[in-house]
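A.B. asks: With the sequence up front, the predicted model follows.
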Amino acid sequence: MRRPVIVALLLILPVALRATVIVPIEFRELVATSPVIVHGLVTDVRSAFVDGRRSVETFVTIEAGEYLKGNLGQHVTFKVPGGEIGRYRTVFVGAPEFRTGDEVVLFLRTPRAALPFVVGLSQGAFRVVADRDSGKRMVTTPILMGRAGIESEPVVRGAATRRPLAIEAFREAVRVVLAEGAAR
């Protein structure tokens, strides 16, 4: 008797289920598929309602310090899914979060007549932070970036080989991948 009632309730109450699946992107692919790679400083972060107030997106502006690929000008505004306005919040699993003052390296895609977005969600956003001991500016290495900075290696949680790279080494790894792509 209970089973038919439960089945009837499930049929009556249609619920839209959504899921986000993030497939790891290899570093070479990230560099190759991103029309714009920019290193800069976050100057503004604002959230706004979209889709008739059905969800919230965040609009981030950076002051570009250096372009490793492409060029979108001195100030770049891009969008990130999810955000918070007052008591309203939209959470998008895998989306990067930004704060004013963050130093970042971003891999951006620019669709026609729309704002750029970060390629691969968090996979295309790298924070630049000062090393506690040396004070050098470091970038956390991408998940699928090998020891020499370019070749892939298996992903192992807590692997000692996965260490932050100096910003200069990260830039050089991007340039090497770009040069390889140009040589093909």
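C.D. replies: Received the coordinates, thanks. Please read all numbers here as calculations on a predicted model, not as lab measurements.

A.B. asks: residues in contact with F92?
C.D. replies: 20, 80-82, 121 (Cβ atoms under 8 Å, 6 or more residues apart in numbering). Just so you know, the C-beta spots here come from the backbone N, C-alpha and C atoms, and that holds for glycine as well.

A.B. asks: Can you name the two of those residues that sit furthest apart?
C.D. replies: The largest separation in those, counting by Cβ to Cβ, is between T20 and V80 at 13.5 Å.

A.B. asks: Tell me, how many residues neighbour the closest residue in space to G181 that isn't next to it in sequence?
C.D. replies: Nearest non-adjacent residue to G181, counting by Cβ to Cβ, 6 or more residues apart in numbering: A32, 5.6 Å away. Other residues lying near A32 total 13 when counted by other Cβ atoms under 10 Å.

A.B. asks: what are the ranges of the strands in the chain?
C.D. replies: Shown for the chain, the strands assigned by DSSP state E span residues 36-50, 55-69, 75-81, 83-85, 88-90, 103-109, 117-118, 125-130, 137-139, 165-166.

A.B. asks: among those strands, which is nearest F27?
C.D. replies: Per Cβ to Cβ, nearest to F27 of the strands of the chain: strand 103-109, 9.9 Å.

A.B. asks: by contact count, what packs against that closest one?
C.D. replies: Of the remaining helices and strands, those touching strand 103-109 by 3 or more Cβ pairs under 8 Å, 6 or more residues apart in numbering; DSSP states H and E are helix 27-33, strand 36-50, strand 55-69, strand 75-81, strand 117-118, strand 125-130.

A.B. asks: now the fifth one: mean pLDDT?
C.D. replies: What it means is strand 117-118. Averaging pLDDT along strand 117-118 yields 94.

A.B. asks: Of the contacts of F92, keep whichever come out buried.
C.D. replies: 80-82, 121 (16 or more other Cβ atoms under 10 Å).
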